[in-house]
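J.: Sequence first, then the predicted structure, then my questions.
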Amino acid sequence: MKPRNAHVAVAIAGVVLLAAGATACNRAGADATAGGGKPSIGVDLPRADSDFWNSYSTYLNLEVKKGGLRTLPFSSSENDVTKLVSNVQVMERTGAKAIVMAPQDTGAIASTLDRLEGKNIPVVSVDTRPDTGKVFMVVRADNRAYGTKACEYIGKQLGGKGKVTEFQGDLTSINGRDRSEAFESCMKEKFPGIKVFPLPTNWDGAVASSKLQTLLAQHPDIKGIYMQAGGVFLQPTLALLQQKGLLKPVGDAGHITIVSNDGIPQEFEAIRKGQIDATVSQPADLYAKYALFYANAAAEGKTFKPGPTDHGSTIIQLPNGLEDQLPAPLVTKENVDDESLWGNSIDK
């Protein structure tokens with residue numbers, strides 16, 4: 001990941017689509033903003049029960065203010081595809097020329113994408129890749145790499161032996177499937193001496209905590225945990241382990257190796273305290289920046305091709321569009337204080 005200003009004001013230099021000197025602001029529920037003649041962009045926030053997605057929302061507002069963009073009032077679909085479909089219909093009626101969304105059920109959004117394609121309204125999907133239906137661009141990191149990185153870290157820490165569990169995200173989502181399949185296939189191939197107990201959670205922290213409690217009663221010798229989303233799993237997991245006297249610092253006897261995904265400040269603090277070992281930092285700042293960049297570009301009729309970008313990523317061809325795969329580094333105690341990581345700048 002390229003170094004960025006430690007403060008959240010991430011530079012837009014080189015992004016020619018954003019007009020210098022123009023100003024705009026927006027927040028969920030605000031009136032649509034005048035963006036100096038820019039096309040109107042509709043934005044749906046996928047959920048408000050995750051620290052990661054709340055950080056993404058913060059960065060969206062910052063990018064709108066800096067970039068002179070015109071956005072309709074942000075909507076929130078609250079992890080409900082029916083609400084997402086309804087919110088998109090409102091955007092269509094109120095003049096959206098492009099739409100940014102993050103569908104949590106990547107299979108159920110196809111008909112909506114087909115309708116938008118028929119109306120020539122391009123869609124940018126953030127973090128999740130719709131199974132079918134045309135998208136202009138998916139702004140996402142390599143989620144299979146998340147599962148592989150977690151597997152390799154935990155496998156090495158356990159010396160290739162023991163029992164681990166993984167909190168699977170929603171398996172109707174490409175992200176949940178990618179992370180789960182990669183983690184489990186890596187374990188089978190590289191660490192066959194480790195037994196994996198997958199726990200489906202539907203991205204619900206309370207479900208994860210309840211299932212972990214049941215698993216620990218049956219298998220008190222669990223040595224590793226892979227949390228596919230720290231934004232929803234971190235706090236309930238730490239609370240349960242603390243309650244059971246199992247929250248041992250890294251390096252102490254009985255420590256349970258924990259690797260997470262998200263890169264939120266709370267995960268970084270847990271790494272510093274030795275409560276968890278590592279996380280994969282999803283770039284919430286870059287998700288917001290490039291989601292709006294591509295949406296504005298699409299509305300203005302610009303196009304892109306597969307290949308390396310000027311921002312350290314690679315655009316790949318999908319059956320139903322393109323995907324910009326942004327970098328997502330593994331964060332451990334060795335690099336947790338790196339100021340280029342968004343989790344170290346979001347609250348500054």
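T.: Structure received.
J.: Tell me which residues touch residue 101, please.
T.: For residue 101, the contact set (Cβ atoms under 8 Å, 6 or more residues apart in numbering) comprises 43-44, 46, 77, 84, 88, 109, 123-126. All C-beta spots, glycine's among them, are computed from the backbone N, C-alpha and C.
J.: ranking these by neighbours, who comes first?
T.: residue 43 (31 neighbours; other Cβ atoms under 10 Å).
J.: ok so, going back, of the contacts of residue 101, which belong to helices?
T.: Judged by DSSP state H, these include 84, 88 as members of helices.
J.: which element is residue 260 on?
T.: In this structure, residue 260 sits in strand 257-262 according to DSSP states H and E.
J.: Between the two ends of stretch 114-126, how far is it?
T.: 18 Å (Cα to Cα, to the nearest Å).
J.: what is the mean pLDDT for it?
T.: Stretch 114-126 carries an average pLDDT of 98.
J.: mind checking how far it is from the chain centre?
T.: 21 Å (Cα atoms, centre = their mean, to the nearest Å).
J.: next one: stretch 264-282
T.: Worked out by Cα atoms, centre = their mean, stretch 264-282 lies 16 Å from the chain centre.
J.: need the helices for this structure, in chain order.
T.: 51-67, 81-93, 110-118, 143-157, 174-190, 205-218, 230-243, 265-273, 284-299.
J.: just these: most buried one?
T.: Greatest average neighbour count among the helices of the chain goes to helix 284-299 (a mean of 26), per mean count of other Cβ atoms under 10 Å.
J.: Please name every helix or strand in contact with it.
T.: Counting contacts by 3 or more Cβ pairs under 8 Å, 6 or more residues apart in numbering; DSSP states H and E, helix 284-299 is packed against strand 40-45, helix 51-67, strand 98-101, strand 123-126, strand 137-141, strand 321-326.
J.: Let's have those in CSV, adding distance to residue 278.
T.: Converted to CSV, those look like this (distance: least, Cβ to Cβ, whole Å):
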stretch, distance to residue 278
strand 40-45, 27
helix 51-67, 16
strand 98-101, 30
strand 123-126, 24
strand 137-141, 16
strand 321-326, 19
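J.: Now do residue 278 against residue 343, distance only.
T.: 13 Å (Cβ to Cβ, to the nearest Å).
J.: Which of these two has more residues huddled nearby?
T.: Neighbour totals were compared for residue 278 and residue 343, and residue 343 leads with 28 against 25 (other Cβ under 10 Å).
J.: just checking, the more buried one touches residue 281?
T.: Yes - using Cβ atoms under 8 Å, residue 343 is in contact with residue 281, at 6.3 Å.
J.: if we can go back for a sec, just put the helices of the chain in a markdown table and tack on distance to residue 259.
T.: Shown next, in a markdown table, are those (distance: least, Cβ to Cβ, whole Å):
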| stretch | distance to residue 259 |
| --- | --- |
| helix 51-67 | 16 |
| helix 81-93 | 29 |
| helix 110-118 | 33 |
| helix 143-157 | 4 |
| helix 174-190 | 10 |
| helix 205-218 | 14 |
| helix 230-243 | 10 |
| helix 265-273 | 10 |
| helix 284-299 | 19 |
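J.: Kindly provide the distance from the residue nearest to residue 240 when sequence neighbours are not counted to residue 120.
T.: In space, and not counting its chain neighbours, residue 240 is closest to residue 209: 5.1 Å by Cβ to Cβ, 6 or more residues apart in numbering. Look at residue 209 and residue 120: by Cβ to Cβ, they are 46 Å apart.
J.: Contacts only, for the closest residue to residue 264 other than its chain neighbours.
T.: Once flanking residues are discounted, residue 264 sits nearest to residue 51: 4.6 Å by Cβ to Cβ, 6+ apart. Counting by Cβ under 8 Å, 6+ apart, residue 51 touches 230-231, 262, 264-266.
J.: returning to what we had before: what about the strand holding residue 260, distance to the chain center?
T.: In terms of Cα atoms, centre = their mean, the centre of strand 257-262 is set 14 Å apart from its chain centre.
J.: before we move on, the earlier item: got the contacts of residue 51 as CSV, with pLDDT columns?
T.: Below are the contacts of residue 51 laid out as CSV (pLDDT from 0 to 100):
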residue, pLDDT
230, 95
231, 93
262, 96
264, 96
265, 96
266, 96
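J.: just the residues you listed now: which is nearest residue 177?
T.: residue 262 (17.8 Å; Cβ to Cβ).
J.: What is the neighbour count of the closest one?
T.: Residues near residue 262, counting by other Cβ under 10 Å, number 29.
J.: ok, back up a step: give me the contact list for the strand holding residue 260.
T.: 51-52, 146, 149-150, 153-154, 157-158, 164, 179, 223-231, 233-234, 237, 267, 275-282.
J.: what separates residue 299 from residue 138, distance-wise?
T.: Counting by Cβ to Cβ - residue 299 and residue 138 are separated by 17 Å.
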